[in-house]
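A.B. asks: Need the 3D shape of this:
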Amino acid sequence: MTEQDWLKLKNGTDVRGTAIAGVENDPVTLTDEVVTAIAKAFCVWAAKRTGVAAPTIAVGHDSRLSADRISSLVAQGIASCGGNVILTGLSSTPSMFMLLQDGFGADASVMITASHLPFQKNGLKFFVKEGGLEGGDITQILTIAAKGEFPSGSGTTVKKSYIEKYSADLVEKVRKACGEDKPLSGKRILVDAGNGAGGFYVDLVLKPLGADTTGSQFLEPDGSFPNHIPNPENEAAMQSVCAAVKENHADFGIIFDTDVDRAGAVSPDGTEINRNSLIALISAILLEEQKGAYIVTDSVTSDGLASFIKAHGGVHHRFKRGYKNVINESKRLNAEGKYSPLAIETSGHAALKENYFLDDGAYLVTRILISLAKCAKQGKNLLDLIADLPAPAEAAEIRLTFTPGCDFKTLGGGVIEDVKKLADEKDYLSPAPDNYEGIRVNFDKEHGDGWALVRMSLHEPIMPINVESNRAGGNKVIIAQLYEILKGYPFLNTENLKKYL
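C.D. replies: The predicted structure follows:
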């Protein structure tokens, strides 16, 4: 493998690849040799970063079919470089960071996960005490792996679970905030773990707090994901948990992604609390505690959310997609003296300042459950907090692809610049005041009464277009105009726009 081949395994701030053979046109890239070399490289990198010559590295994994193989290889690789290993077994991604804050005995950690990707995929996510690694750190690790020059040693390996302590801390947080031992007594709260790693939340968090968890589903880890993809953004997954909430007359529903760094929720009537509504709910909770706070979101949030946050005394700061992007932007605002307690994506990635800016689905829903318990005690409904959230009449995301092999990043950037110029030229179009990603254009009432965001995918040759309108039929008016603009680019497949029309 060339260094460039190694760097192809970089996926933002993670390493990801194919770990299981047999899927057509998807060759295995996370081979035994590759995984072992990356583990050795991380040990070398961690020794330099932490200043510990023989670092102790905790290794955990989610429910993926390849987890045991990769976990074993990572442990062998680290130990062969003189590092020491703590195998934590089935874990959540957030717990692998929290153990570094908790006297667990590790200097760094590795989580083996590929989030919601198909069963054949897997990956590695890395942490030090300061937080998750940045993209530049991943480049360094893969460059070390490519060189293949590692020290030899013989480190120790032990097994020690942490998820019980992580869960106990969540339980204690709720009890302290609510002032009672079982503040969820009388509440039926249902969890859908999608056969990922989130099943622990039922027995280790909800039941100790007194909740009735009848109707919880797919709690057993199974990396073949036989029921649905563990992903709060997946339509089938959300339909499944919404139906379970209605069938079991639950007071609240929770759905986690595979490694529990994301979450979605469901109201008692089976309506999903996701994307803009989930952001609004946690924002309302935080803004009740401190007005004037900056809520940092990704670029595809609605105008209704912006007006909601403003009405609740906050400042909506719309930024780029990518959970690291919103987290780092929120940190930047705080460094400038602008209090920002929350960085959150519509995907369900939510990081709170009070929790190390760690994107943690279990912490997010725990924070919401505290409010649910308090509201119940006061005879109130939790969802009254977002009763005034304006909803668009229509919303859609349409994804356009590029001709295979073309320089899609350069060509896509050119398209976005052309749309920007058009927005400046047309009286009925106006660019949104803060464009941090792509171009967000507002359409006046006669031309669709809404907005469109044209942007590039973070990692793929895809141009997603998000559209919202305040009136029925408005999306088609907006998309028809976009289609006329974009169909003239020979490298861009606009068929999905045409289908929508």
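
A.B. asks: Give me the neighbour count for Ala452.
C.D. replies: Number of residues near Ala452 (other Cβ atoms under 10 Å) recorded here: 26. Quick note: C-beta positions are derived from backbone N, CA and C, even for glycine.

A.B. asks: got it, and Ile370?
C.D. replies: Neighbour count for Ile370, taken as other Cβ under 10 Å: 20.

A.B. asks: Can you name every helix or strand that the helix or strand it falls within contacts?
C.D. replies: Secondary structure assigned from DSSP states H and E places Ile370 in helix 361-377. On a contact count with 3 or more Cβ pairs under 8 Å, 6 or more residues apart in numbering; DSSP states H and E, helix 361-377 meets helix 93-98, helix 163-178, strand 252-256, strand 263-266, helix 275-289, strand 350-352.

A.B. asks: so which of these is the most packed in?
C.D. replies: strand 252-256 (a mean of 30; mean count of other Cβ atoms under 10 Å).

A.B. asks: what are the pairing partners of it, and which direction each?
C.D. replies: Its sheet considered, strand 252-256 pairs with strand 189-192 (parallel), strand 263-266 (antiparallel) by DSSP bridges.

A.B. asks: Now the first one: buried residues?
C.D. replies: Spelled out, that is strand 189-192. By neighbour count with 16 or more other Cβ atoms under 10 Å, strand 189-192 contains the buried residues Ile189, Leu190, Val191, Asp192.

A.B. asks: Now render these as CSV, adding pLDDT and distance to Leu358.
C.D. replies: As requested, the buried residues of strand 189-192 are exported to CSV (pLDDT from 0 to 100; distance: Cβ to Cβ, whole Å):
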residue, pLDDT, distance to Leu358
Ile189, 98, 23
Leu190, 98, 25
Val191, 98, 20
Asp192, 98, 22
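
A.B. asks: Need those residues in JSON lines (columns: distance to Val300).
C.D. replies: As requested, the buried residues of strand 189-192 are exported to JSON lines (distance: Cβ to Cβ, whole Å):
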{"residue": "Ile189", "distance to Val300": "29"}
{"residue": "Leu190", "distance to Val300": "28"}
{"residue": "Val191", "distance to Val300": "27"}
{"residue": "Asp192", "distance to Val300": "24"}
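
A.B. asks: between those, which is closest to Arg49?
C.D. replies: Set against Arg49, the nearest of the buried residues of strand 189-192 by Cβ to Cβ is Val191 (36.0 Å).

A.B. asks: quick one: the closest one from Ser469, how far?
C.D. replies: According to Cβ to Cβ, to the nearest Å, Val191 and Ser469 sit 35 Å apart.

A.B. asks: repeat for Gly89
C.D. replies: Separation of Gly89 from Ser469 (Cβ to Cβ) stands at 48 Å.

A.B. asks: and these two? which has more neighbours close in?
C.D. replies: Per other Cβ under 10 Å, whichever of Gly89 and Ser469 has more neighbours is Ser469, with 23 against 15.

A.B. asks: which residues touch that one?
C.D. replies: Pro392, Ala393, Glu394, Ala395, Phe443, Gly448, Asp449, Gly450, Asn475, Val477, Ile478 (Cβ atoms under 8 Å, 6 or more residues apart in numbering).

A.B. asks: if we go to 6 Å?
C.D. replies: Ala393, Glu394, Gly448, Asp449, Gly450, Asn475 (Cβ atoms under 6 Å, 6 or more residues apart in numbering).

A.B. asks: for Glu164, same thing?
C.D. replies: If you count contacts by Cβ under 6 Å, 6+ apart, Glu164 has none.

A.B. asks: for Thr301, same thing?
C.D. replies: Asn276, Arg318.

A.B. asks: that's a strand at it, yeah?
C.D. replies: No - read with DSSP: H, G, I helix; E, B strand; the rest coil, Thr301 is coil and lies in no strand.

A.B. asks: If we ignore the residues flanking it in sequence, what's nearest the most centrally placed residue in the chain?
C.D. replies: Centroid-nearest residue in the chain, with Cα atoms, centre = their mean: His349, separated by 3.4 Å. In space, and not counting its chain neighbours, His349 is closest to Tyr323: 3.8 Å by Cβ to Cβ, 6 or more residues apart in numbering.

A.B. asks: Just confirm the one you found contacts Glu345, I think it does.
C.D. replies: Yes - assessed by Cβ atoms under 6 Å, Tyr323 is found in contact with Glu345 at 5.5 Å.

A.B. asks: Could you dump the strands paired with strand 252-256 into CSV and include distance to Ser330?
C.D. replies: Putting those into CSV (distance: least, Cβ to Cβ, whole Å) gives the following:
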stretch, distance to Ser330
strand 189-192, 28
strand 263-266, 18
